[in-house]
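In: Dropping the sequence and predicted coords here.
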Amino acid sequence: MGYTAHFRVWRGDANGGGLVDYDVEVNPGEVVLDVIHRIQAEQAGDLAVRWNCKAGKCGSCSMEINGYPRLACMTRMSIYRQDEIINVTPMRTFPVIKDLVTDVSFNFEKLLSIPAFAPPPGLQPGEYRMQQEDVERSQEFRKCIECFLCQDVCHVIRDHEENKKQFAGPRMFIRLAELDMHPLDVADREIAAQEDFGLGFCNITKCCTEVCPAGIKITDNAIIPMKERVVDRKYDPLPFWRRRRRVEERASAQ
Amino acid sequence: MGQPTITRHSSDILIIGAGGAGLRAAIAAREAGKTVTIVCKSLFGKAHTVMAEGGMAAAMGNVNPHDNWQVHFRDTMRGGKFMSHPRMAELHAKESPMRVWELETYGALFDRTPEGKISQRNFGGHEYPRLAHVGDRTGLELIRTLQQKVTSLQQDDKKATGDAESGIKVFAETTIIRLLMRDGRIGGAFGYQRATGDFFSFTAAAVIIATGGLGKTFKVTSNSWESTGDGLAIALRAGATAINMEFVQFHPTGMMWPPSVRGVLVTESVRGDGGVLRNSEGKRFMFNYVPEVFRNQYATTEEEGDRWYTDPDHNKRPPELLPRDEVARAINAEVKAGRGSPHGGVFLDIGSRRSEEFIRRRLPSMYHQFKQLADVDITKEPMEVGPTGHYAMGGLEVDPDTQATNIPGMFCAGEASGGLHGSNRLGGNSLSDLAVFGKRAGDAAVAFVDEHGHQTPRFSDDELQAYAQEALEPFRHAGDPGYENAYDIHRALQEMMFSLVGIIRTEDEMRQALAELDKLDERAKKLKAEGPIAFNPGWHLCFDVQNMLLLGRCIANAALLRQESRGGHTRNDFPTMDPEWRRTLLECSLDGDTVKVVRIPGPKVAPELMALFDRHELEKYFTEEEIDEAEAANRAGGAAVAMGEGE
C-alpha cells in the first residue's frame, strides 16, 4: 500500500541553498525519481532535476541519496524504511547549477582530451576482423553510460578541486583502457595515462566500482591493468635503460 | 520582466537533435568542411537513441550468406504493409551495411561471429539474422560511437585552429522553441539554454531537424523525456508538411509492473533468442494470430518453430517473431478475452527455454532491468509484458534521396521524418535509418549550403526580442489561480491519447479525442510557470505540451480519416486492409492554427522493385490495375525478372 514519505531535497543554486522538506505520497514499486517527479508536479514545479530514460540506460539522473551516489531512476523506494527521512542532494564533486542539477562539463572537457580511436592505416570499412574474446574486455568498458557517479565518488577530486587539472578520473581511465585493449587500435596512450591523466593519483580504494550502475569492474579490470602497463613501460629496467640511453645519446649529439 | 539578452550564434549548418541521425549528419557535414552547430535538449550523448536495444539491421550476410539488399528491401516493405516509401526502403537496404562498417572505423565494437566478422541476430519480420548488435545495448554503442567521432573531429579542428569548437559546436541542454523563417525559406532557429534561461538565435543556411519521436504524447511509452515531438511541431508551424501521422507503433513487449516502470521496453531480442509468449493458460497463443498475408512465412506448430532457431533453412520461424503490430494486437486480444497476466499483460518466457548462462550473456540489460526494478529473475520466472507506445512511423514529408522538406534549406532525418517505415517499422530498421538518412541529410545540407549559402537571411533584434517576450509569457502569470501548470495538462493529454487514440481505434473515439483536444487546447492557452528562469522544468513543459497537443491532433485527425486497418493503425470499425488506401497518404499541415489533413497520392513502387515480389503476394496489397501496369512496364523494359520469379 501507499504511504507518505518524508523527503529533504536540496534546493538552491551556485550562490547557496539548503534542504527543503516535502511530505509526499509513495506507491508500491516506485523509485526515488518517481517521488521527485511527484514533488515537481504537485508541490514545486520549478524543482530542477536532470533525467531522460528512466530505465538506467542514459545516466542522466545521478544524485546523492542519503549521501550515496546513485541513479534516482534505479533506486527503489523499498530499500528505505517507510519512516526514514530521505535526503536528496546534488553530486558534490561538480558545481551546482540549480537544485539537483550540476555542471558536469569537467567530464566532457576531459573526454575531449583523450586521443581518439586510431585504426590501422589502410584497413577499409568491412575488413575489420576481431574475435569475440578479444573485444569483450573493451566491451565491458563501453557499457559505461556516462552517469559520472564514479567521478563524483572519487576522493581524489571529490573535495579537492585543485586535483581536477591533473586528474581525469575513473570514467576517463576506463576510456583509456578501452582504447588500449581495443584489438585494432594502433595509438599508444599508456604513458599519457599517467603523465597527462593522473592515473598515479588513484590508490585503488574501489569506490568507483562500488557505485557503478553498469556493474563495470573499473578498478580491477581497467585501472589496475593500466597501472601495470605503465609500470612495465616506465620502470621495467630493460626498457628504462634503453630509454635512458636514447636520452643520453640525444644529449651528447647536441 | 525587462529586456532579456539574446546571444547570436551562426554556422553553415544547424542540426537540431543529437541522437543517431543528428550526429551522423553532423559528421557528414563537418567532413565536407562545413561549420556545424548541434543543439540538443539533454546532455551530449543522452538522446533517446541510447535506449535502442536489439540492433541495427543491415544485410551484410555475415551469418546467413543468402541475405542481400533485395531481401532486406522486401522485409521492410512487408513490415510496413507496402506503405513504406519504396525509394527510401531501397536506399536504406543498399546503404545500411556500409553505415555499420563505418561505425567500426569510428571505434564501435559489435559482437562477433566465429570468423571475426560482425555478428547478426534474428528479429521480428527479418527473414535472415540481420541485426548487428552489442548484447542488448546497441543504441548505447551507436550513440557513444558517433559522439566519440564528433569529439575526434573536434580534436582535429583543435590541432588545425587551436579551437576545438571552431568546426562543430554543441549546445547541450538547449531547447529550440521556434524556427526562424524569411520569405518561405529557413534561416535558423531560436531557443534558450536551460542552465541560465538565456535566449539564443542560431542562424544557418541549412537546418536539419533530427529531433526524434513523440512517445511522451502517450501515457504508456518506452520513450524518454525528450520524445515530445518538438521538431515536428515547430516545423509544421513553419509551414512544413507531415505524413503517416496515424501510424504509431505500439511495441508488443513493455514492462507491466510495477506501475512506475510500466511501458519500459523489453527488447524483441528476448523473442529473437528463443523467448515465447504465453497466456494465463500457459498456451503459446501467437499460433492463433498469424494473418493471411504472412501465412506462408511462419511455423504452424511449436515443434517447427523451435527447430527454426537451429535450422532456419528447413523450418519456418515461430509466430512470436511476426512484425510488431501483429504481436501487439494479439496480446491486446488475449488480455481482452480474459487470458491475461495478473497486471494486465501476457507472459514472456525465456527462463524455461534457455540456460541461465545464455540469458545473462545475450540479454544482460534485461536481466538487470527486471531484477532491479521488478524483483523478477528472468532466468527462472516469466516476465509480464504488454504493448507500449514506442515509435512514430509518421513525420515530416521528405525527398527520399536528400531528406529535403518542402521548405528550402530544411532537412529532416530519423524518427522525425516519415516514409521509410510505412505503416509499421521493423525492429532494427531504426538504427540503420538514423545512419543512412542522417548521412544523406548531412550531405544534402552541404550541397544546399554550397549553392545557396550566400543568401542566408538576417533577423533583427526587434524580431528576436518579440520571440523572447512571447516565450516568457508563462512567468507573467506565476501565482495566478486562473492559470494552470503544464504538468496537469500533460497528464490529461497522455491518458486521453493512450485510451482513445491507442492501439485500437474507432470513429466515435476519434471524435471524442478531438473534442477532448479542443478542451485541452483551451486550457493550454492559460499556462503559468513558477520560480526562477534558470533550469526550470515547469516552464520547459509549457513548450513541450503545446507541441504534443498539436501532434496529438494530427494523429487523431489522420486516424479518423483513414478508414482501414494497417500496421500501426487499427480501426475496429474498418478491420481490414484496403488496396485503395495503400495508394493514399494523409498529409498534415497547419493553416493558421488549424490542422489540415488532405489525401495525397502515395509514391509509386518502381516496376523493377515490384518484380522482387511474386504476384500472389502483391495481390494482397495492390490493386489489379497497379500490378498489371508494373508487369507491362517490366515486359516492355525487358526486365530480367518477370513477376513471380523474384527471389
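Out: Received the coordinates, thanks.
In: Any regions of the stretch 1-150 of chain A where pLDDT drops low?
Out: For the stretch 1-150 of chain A, no stretch has pLDDT under 70.
In: And the residue of it closest to chain B?
Out: In the stretch 1-150 of chain A, no residue comes nearer to chain B than A:Gly29, which is 2.1 Å away by CB to the nearest CB. C-beta: built from backbone N, CA, C; applies to glycine.
In: Tell me if I'm right that that residue and B:Trp257 touch.
Out: Yes - between A:Gly29 and B:Trp257 there is a contact under CB atoms under 8 Å: 6.8 Å.
In: ok, back up a step: can you give me every residue that contacts the residue of the stretch 1-150 of chain A closest to chain B?
Out: A:76, A:78, B:257-261, B:373-374 (CB atoms under 8 Å, 6 or more residues apart in numbering or on different chains).
In: same thing with A:Met1?
Out: A:Pro28.
In: let's go with 10 Å and repeat that
Out: Counting by CB atoms under 10 Å, 6 or more residues apart in numbering or on different chains, A:Met1 touches A:26-28.
In: Ignoring the adjacent residues along the chain, who's closest to the closest residue to chain A within the stretch 501-647 of chain B?
Out: Closest residue of the stretch 501-647 of chain B to chain A, CB to the nearest CB: B:Gly531 (2.9 Å). Leaving aside its chain neighbours, B:Gly531 sits nearest to A:Asp46 (2.9 Å; criterion: CB to CB, 6 or more residues apart in numbering or on different chains).
In: my guess is the one you found meets B:Cys542, correct?
Out: No - A:Asp46 is beyond contact range of B:Cys542, at 12.0 Å (criterion: CB atoms under 10 Å).
In: what sits in contact with each of those two?
Out: Joint contacts of A:Asp46 and B:Cys542 (CB under 10 Å, 6+ apart) are B:485, B:529, B:536.
In: What about those residues, which one has the most neighbours?
Out: Within the shared contacts of A:Asp46 and B:Cys542, neighbour counts (other CB atoms under 10 Å in any protein chain shown) peak at B:Ala529, which reaches 25 neighbours.
In: just to revisit the earlier point, helix, strand, or coil at the residue of the stretch 501-647 of chain B closest to chain A?
Out: At B:Gly531 the chain is in coil, as set by DSSP: H, G, I helix; E, B strand; the rest coil.
In: what number of residues lie near it?
Out: For B:Gly531, using other CB under 10 Å, the count is 20.
In: Next, show the common contact partners of A:Gly29 and B:Trp257.
Out: Joint contacts of A:Gly29 and B:Trp257 (CB under 10 Å, 6+ apart) are B:373-375.
In: Going by neighbour count, which of those residues are buried?
Out: With burial judged by 16 or more other CB atoms under 10 Å in any protein chain shown, the buried subset of the shared contacts of A:Gly29 and B:Trp257 is B:373-374.
In: Of the shared contacts of A:Gly29 and B:Trp257, which ones also sit close to chain A?
Out: B:373-375 (CB under 10 Å from any CB of the partner chain).
In: that older thread, out of the contacts of A:Met1, name the ones that lie in strands.
Out: A:Val26 (DSSP state E).
In: Pretty sure B:Thr7 sits in a helix.
Out: No - using three-state DSSP, the assignment for B:Thr7 is strand, not a helix.
In: Just the CA coordinates for the strand or helix carrying B:Glu463, please, in PDB.
Out: Under the criterion of DSSP states H and E, B:Glu463 resides in helix B:461-471. Taking Å, rounded to 0.1, in the frame of the first residue of the first chain, the C-alpha atoms of helix B:461-471 are listed here in PDB:
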ATOM      1  CA  ASP B 461      16.900  42.400 -32.700                       C
ATOM      2  CA  ASP B 462      13.300  43.500 -32.500                       C
ATOM      3  CA  GLU B 463      12.100  40.300 -34.100                       C
ATOM      4  CA  LEU B 464      14.100  38.100 -31.800                       C
ATOM      5  CA  GLN B 465      13.100  40.200 -28.700                       C
ATOM      6  CA  ALA B 466       9.400  39.600 -29.600                       C
ATOM      7  CA  TYR B 467      10.000  35.800 -29.700                       C
ATOM      8  CA  ALA B 468      11.700  36.100 -26.300                       C
ATOM      9  CA  GLN B 469       8.900  38.000 -24.800                       C
ATOM     10  CA  GLU B 470       6.400  35.500 -26.100                       C
ATOM     11  CA  ALA B 471       8.300  32.700 -24.600                       C
END
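In: picking that back up, from the shared contacts of A:Asp46 and B:Cys542, which is closest to B:Gly33?
Out: The closest of the shared contacts of A:Asp46 and B:Cys542 to B:Gly33 turns out to be B:Asn536 (CB to CB; 38.6 Å).
In: number of nearby residues for the residue nearest to B:Gly531?
Out: 21.
In: State the three-state secondary structure for it.
Out: coil.
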